[in-house]
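Chemist: Here you go, sequence then predicted model.
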Amino acid sequence: MKAEERIKTGERIAPLSPGKPAAEFIEFHRRARRKIGGIIRKIQENEAGERGYAIRAGLMDPLHSVISKRVKGFCRLPYRTTDGLIASCPGILDNWKACPPHSPPVRATVEVLSRARAFLVVQFAGDEDRTEQGDAHLLIARAAVDLAENGYDVREVYACGPCRICRRGCGAAGECRQPGKRLFALESCGFWVNALCREAGKFPVLAGGPEEVRWIRNWGLPNQDTTAVRYVTGILLG
């Protein structure tokens, strides 16, 4: 599948519940945005900056999520660009325990979303040559702990790409070594990340909210930019 076709497929999927955000969510954002923004800002000041990341964050109504089995299947598909064939995600190829088929089915995630109050989308932006994806996993786990310590009901925590809580991976392991800390990627659960960024950008809590992912384009041209990364993570709040 070509990258362009993959993107078009994801953009055609409807959200779980179209229309305006729920009144309960609007009220939660009004009351909580400054406090949540402050919690994330402390991580920005104390940890993320040292690791080379800038952070953008926003809240969204969980039922405005775009989630589908089709997106979950993208993890398994190689796709072709003008630069050649890009293989499946290494988490799939190496049988990591937070990637499909180990990630929860879409219907189970939808049930969790239906009982949640808000979805916090946290985006870590950096340079691929300086910022490790695994650091974003450690930072979102830290954010979840800080939110819980401040009285928020943390239901689920989602990362970006294969779980890096164990730095050496888990393909050779029979089971997940740390199931209580395991982080499933948003994509591995079926979320279309660009839609989450758009929705959460409407209700920012830090730095204007998440920005849409910049897909690799302009292969071989002077304006090509393949080093800037935006790792998107999420915390589901009850």
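Modeler: The structure has been received and is ready for your questions. Numbering: from 1, shown residues only.

Chemist: Which parts of this protein are helices?
Modeler: Ranges of helices within the chain are 3-11, 23-43, 69-74, 90-93, 106-114, 133-149, 193-201, based on DSSP state H.

Chemist: Now do the fifth one: which elements does it pack against?
Modeler: Using 3 or more C-beta pairs under 8 Å, 6 or more residues apart in numbering; DSSP states H and E, no helix or strand is in contact with helix 106-114. Just so you know, the C-beta spots here come from the backbone N, C-alpha and C atoms, and that holds for glycine as well.

Chemist: ok, back up a step: and among the helices of the chain, the most buried is which?
Modeler: Greatest average neighbour count among the helices of the chain goes to helix 193-201 (a mean of 22), per mean count of other C-beta atoms under 10 Å.

Chemist: what does that one contact?
Modeler: If you take C-beta atoms under 8 Å, 6 or more residues apart in numbering as the criterion, helix 193-201 is touched by 7, 10-11, 13, 15, 57-61, 64-66, 119-121, 123, 186-187, 208-213, 232, 234.

Chemist: ok so, going back, which one of the helices of the chain lies closest to Lys181?
Modeler: Evaluated over these, closeness to Lys181 peaks at helix 133-149, with 6.9 Å, by C-beta to C-beta.

Chemist: From the contact counts, what lies against that closest one?
Modeler: Contacts defined by 3+ C-beta pairs under 8 Å, 6+ apart place helix 133-149 against helix 23-43, strand 118-127, strand 154-159, strand 228-237.

Chemist: send the alpha carbons of stretch 174-191 over as CSV?
Modeler: As requested, the backbone C-alpha atoms of stretch 174-191 are provided in CSV (Å, rounded to 0.1, in the frame of the first residue of the first chain):
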residue,chain,number,x,y,z
GLY,A,174,7.2,-15.8,25.9
GLU,A,175,5.1,-13.1,27.6
CYS,A,176,5.3,-9.4,28.4
ARG,A,177,7.9,-8.9,31.2
GLN,A,178,6.0,-5.9,32.7
PRO,A,179,2.3,-6.3,31.9
GLY,A,180,1.4,-3.6,34.4
LYS,A,181,3.6,-1.0,32.6
ARG,A,182,3.0,-2.2,29.1
LEU,A,183,2.1,0.6,26.7
PHE,A,184,0.1,-0.2,23.6
ALA,A,185,0.5,2.2,20.7
LEU,A,186,-2.5,4.2,19.6
GLU,A,187,-2.2,2.7,16.1
SER,A,188,-2.0,-0.8,17.4
CYS,A,189,-5.4,-0.3,19.1
GLY,A,190,-6.9,1.1,15.9
PHE,A,191,-6.8,4.8,16.5
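
Chemist: buried residues in it?
Modeler: With burial defined by 16 or more other C-beta atoms under 10 Å, the residues of stretch 174-191 counted as buried are 176, 182-191.

Chemist: follow-up on the earlier one: nearest approach to Arg155 belongs to which of the helices of the chain?
Modeler: Among the helices of the chain, helix 106-114 sits nearest to Arg155 (C-beta to C-beta), with 6.2 Å.

Chemist: Could I get the pLDDT score of Leu120?
Modeler: At Leu120 the predicted local confidence, pLDDT, stands at 98.
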